[in-house]
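**Q** Need the 3D shape of this:
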Amino acid sequence: MRKLLLLVLCLGLIGCATIKPITYEERQHVYVANFDTVWSKTVEMLIEENFPIKSMDKENGIIQTEYNKNEIKETWLNKARCSLNILISVINTNNTRVIINPYYEVYFPSPIGSSQPGEWATKNDKDKIFIDKYFKVLDEKLNSK
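**A** Numbers count the residues shown, from 1 in each chain. Okay, here's the model as predicted:
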């Protein structure tokens, strides 16, 4: 009985593990390129990745997107969507910093037979996946000048 109680307690603690927050450093990359080059390649990447641009402010280096038009499957049962907020800033003439902040949501359908609609819920545990993915695409674009 004691071993069973200890096992249940250990499993409970493991189940309560939290997701490691993403650091500021993980959200950013510095590119050896001028601001205009990084800006145009970032916009190009967003278009190719099917992100409708909600707003752009080149003077302040801010780009906000709508949700990606590509449907993302979270599981066989629910779907997901992602939008991005990107900040591009000048470090000096030849170095530009890009910070990507994704906003990721998963749709949970209502139970079968329920008249209630499903709901969208934020899932921050996918941030790192999206940050890495879009920095990789941007890296390729900037290295293929």
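**Q** ok, residues contacting stretch 132-145?
**A** Defining contact as Cβ atoms under 8 Å, 6 or more residues apart in numbering, one finds that stretch 132-145 is touched by 29, 31, 33, 37-38, 41-42, 44-45, 48-49, 84, 98, 100, 102. The C-beta positions use only the backbone N, C-alpha and C, and glycine is treated the same way.
**Q** what number of residues lie near residue 53?
**A** Residue 53 is surrounded by 13 other residues when neighbours are defined as other Cβ atoms under 10 Å.
**Q** hmm, back to that, please flag which of the contacts of stretch 132-145 sit within strands.
**A** Mapping those onto strands (DSSP state E) picks out 29, 31, 84, 98, 100, 102.
**Q** between those, which is closest to residue 58?
**A** The shortest gap between residue 58 and any of the ones in strands among the contacts of stretch 132-145 belongs to residue 98, at 13.7 Å (Cβ to Cβ).
**Q** Now do the contacts for residue 87.
**A** Contact partners of residue 87, counting by Cβ under 8 Å, 6+ apart, are 61-62, 97-99, 101.
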